[in-house]
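S.K.: Fold the following, please.
(2 chains)
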There are 2 protein chains.
Amino acid sequence: MGSAPDSLPARLLNGDRRALSRLMTQVESGTETGRAALQALYAHTGRARTIGLTGSSGAGKSTIGNELAKALRRRNQTVGIVAVDPSSPFTQGAILGDRVRMQELTADPEIFVRSLATRGAVGGLAQAALDVIALLDAFGKDVILIETVGAGQDEVEIAGAAQTTVLILAPGMGDDIQTMKAGIMEIADVFAVNKGDLPGADIVAAQLKALLSIGTERSWEPPIVRLVGTKGEGVAALADACQDHYAYLQGAGRLEAAERGRIRGQILALARHRILTGLVQHAGGQDGLEALVDAVVARTMTPHTAVDAWISEWTQG
Amino acid sequence: MGSAPDSLPARLLNGDRRALSRLMTQVESGTETGRAALQALYAHTGRARTIGLTGSSGAGKSTIGNELAKALRRRNQTVGIVAVDPSSPFTQGAILGDRVRMQELTADPEIFVRSLATRGAVGGLAQAALDVIALLDAFGKDVILIETVGAGQDEVEIAGAAQTTVLILAPGMGDDIQTMKAGIMEIADVFAVNKGDLPGADIVAAQLKALLSIGTERSWEPPIVRLVGTKGEGVAALADACQDHYAYLQGAGRLEAAERGRIRGQILALARHRILTGLVQHAGGQDGLEALVDAVVARTMTPHTAVDAWISEWTQG
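M.R.: The predicted structure follows:
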């Protein structure tokens, strides 16, 4: 789109992995360069299949992600992996190095791995993840795997960005009905019971089956796939289940409807984020906000009336 | 504040529990009556101590909440309990009835219990919880206990609304370092290890101690309290620990700083929520949003440029 032939977007379209990597850093940091590149590349997106892998840490997400990537490669598909790692102050630095993973993936140049760290800003991480996915899509990856822990708003948002969401469970993880995070069960299209050789796997699978039998009638029945990720067992069946779900989506305009839903969600999330930044800048920057806080602390305003005054001034003044 | 003597706010200030309960329903539903009542009552808030109780379901939050309420009553303090229950489509109807809990609490009229169900709207639940807390505060409760599961954005926001946050752990819940939700460990002021008579309790306490020794130096060292909630064992020690933390907050202006932080967060969350509603209404309602979605689906706009156009029109037009 009018980019110079040696520009980063042009190089990305030519299959330059370094250009892809550098643009990822730009969109992650929210720079103008990143924004401009996304705009130049956006017409090339919308082709990749996306599969979300979510589940507690310890359930085996990255193991299954790696094995699934290899299985897809055996089916001649190119793969991008976006791994969202929660990093709390207590676990700082625990982000699995992309290079280590690349090695595990036998340095296959058709697999590209990128880790994103959880950052402070709510909405910021989800947005960065979606932009990174768009870059991989424009780069021409056939399938993009999106790994998230699935806790927290951001991650549910990211998991929801995939066409197919796989919830990975494992025995002994406390992943029973009691501790399951609300909202995660509902978005799963495929259930993967990992560590299928452990004694508790039968119970997990039985619990799942019981749960799924309760719900209202669905046009898609989420399959339950048992795996031993570390041995690669069951991974082909998982790839099949994802393929089946994709075939299902292709029917009756579901793929298009789901894409609309994802884009709508992304626009709303972006707007929320952007507006709040604009609002704080408008209201005399941080000082203006602090003046409102003062008024509420003094009980001369409620939080509601403070926000009313703030917003009406911005949009009308 | 100019309310008629028989208005709901006036009756609430006179200690009428029915008025309190009815106004809670109003603020939960976000009605004008609720908003007006909050405004009338807001000058009477800011006196209650607030204690958040968070932890996985099964860790014993409501048991400990009940026992802590009784312990506080023995210390002559009146108590409000706000219990936030996650209700996913799979667990619908699982909300613990307030009446059942009231019975467990021996129908003590100085303890008021309110359950809030997790609702669809992000931000909506947190806001409703804060408004309900404000009503209990205006009603004159000395201490308000806020129970949340602590998963998800809303609940972290709600847990953060308390002056003192207690993280409740229990052996065998998968609540080890691996599965701990990011962000929860950091906001805990007191750690409660429930089911202290089970064999695994020593391990949980040891893991906690090890974790706490890693972090940077703190001006407050979170104590670890062991309990057997079902027998009421350790609950007095928990009440003491919360009291100690409150005494700590009273030093060096920390209480005021924390209140400012909470109010700032509430204003920003409210603004985010409110603005998005305003934006959708402004942009030709849902149709305007769908036109933007169309443009992004057709790849003639990126989500970023769509949002830019939308917002600048609203704030400048």
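S.K.: Tell me where the stretch 51-200 of chain A is predicted with low confidence.
M.R.: A:57, A:85-104, A:106, A:117-124, A:150-156, A:173-185 (pLDDT under 70).
S.K.: Show me the helices in it, by range?
M.R.: For the stretch 51-200 of chain A, the helices defined by DSSP state H, counting those that start in this stretch occupy A:61-74, A:98-104, A:124-139, A:152-159, A:184-187.
S.K.: I'd guessed A:Asp197 sits against A:Val228; true?
M.R.: Yes. Assessed by C-beta atoms under 8 Å, A:Asp197 is found in contact with A:Val228 at 5.0 Å. From N, CA and C alone the C-beta is placed, and that goes for glycine too.
S.K.: out of the two, which sits in the busier spot?
M.R.: Between A:Asp197 and A:Val228, counted using other C-beta atoms under 10 Å in any protein chain shown, the more crowded position is A:Val228 (18 against 13).
S.K.: ok, now which ones touch the more buried one?
M.R.: A:194-197, A:234 (C-beta atoms under 8 Å, 6 or more residues apart in numbering or on different chains).
S.K.: of all those, which comes closest to B:Gly60?
M.R.: Using C-beta to C-beta, A:Lys195 comes nearest to B:Gly60 of the contacts of A:Val228, at 27.6 Å.
S.K.: And for the closest one, the neighbour number?
M.R.: 24.
S.K.: ok now do it, which residues does it touch?
M.R.: A:Lys195 neighbours (C-beta under 8 Å, 6+ apart): A:60, A:170-172, A:201, A:228-229.
S.K.: is the longest helix belonging to chain A anywhere near chain B?
M.R.: For chain A, the helix that runs over the most residues, judged by DSSP state H, is helix A:254-282. Yes. Using C-beta under 8 Å from any C-beta of the partner chain, helix A:254-282 comes into contact with chain B via A:256, A:259-260, A:263-264, A:266-268, A:270-272, A:274-276, A:278-279, A:282.
S.K.: Check which residues of that helix are buried.
M.R.: By 16 or more other C-beta atoms under 10 Å in any protein chain shown, the buried positions in helix A:254-282 come out as A:259-260, A:262-276, A:278-280, A:282.
S.K.: One more: stretch A:39-46?
M.R.: Applying 16+ other C-beta under 10 Å to stretch A:39-46 flags A:40-42, A:44-45 as buried.
S.K.: Repeat that for stretch A:107-116.
M.R.: Buried residues in stretch A:107-116 (16+ other C-beta under 10 Å): A:111-116.
S.K.: cool, stretch A:237-255 as well?
M.R.: A:238-239, A:241-243, A:245-246, A:248-249.
S.K.: any chance of those in JSON lines, plus distance to B:Ala138?
M.R.: Shown next, in JSON lines, are the buried residues of stretch A:237-255 (distance: C-beta to C-beta, whole Å):
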{"residue": "A:Leu238", "distance to B:Ala138": "55"}
{"residue": "A:Ala239", "distance to B:Ala138": "58"}
{"residue": "A:Ala241", "distance to B:Ala138": "54"}
{"residue": "A:Cys242", "distance to B:Ala138": "53"}
{"residue": "A:Gln243", "distance to B:Ala138": "58"}
{"residue": "A:His245", "distance to B:Ala138": "51"}
{"residue": "A:Tyr246", "distance to B:Ala138": "54"}
{"residue": "A:Tyr248", "distance to B:Ala138": "53"}
{"residue": "A:Leu249", "distance to B:Ala138": "51"}
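S.K.: From those residues, which land in helices?
M.R.: Using DSSP H, those in helices are A:238-239, A:241-243, A:245-246, A:248-249.
S.K.: Switch those residues over to JSON lines; also include pLDDT and distance to chain B.
M.R.: Formatted as JSON lines, these follow (pLDDT from 0 to 100; distance: C-beta to the nearest C-beta, whole Å):
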{"residue": "A:Leu238", "pLDDT": "98", "distance to chain B": "23"}
{"residue": "A:Ala239", "pLDDT": "98", "distance to chain B": "27"}
{"residue": "A:Ala241", "pLDDT": "98", "distance to chain B": "21"}
{"residue": "A:Cys242", "pLDDT": "97", "distance to chain B": "23"}
{"residue": "A:Gln243", "pLDDT": "97", "distance to chain B": "24"}
{"residue": "A:His245", "pLDDT": "96", "distance to chain B": "20"}
{"residue": "A:Tyr246", "pLDDT": "96", "distance to chain B": "19"}
{"residue": "A:Tyr248", "pLDDT": "95", "distance to chain B": "20"}
{"residue": "A:Leu249", "pLDDT": "94", "distance to chain B": "15"}
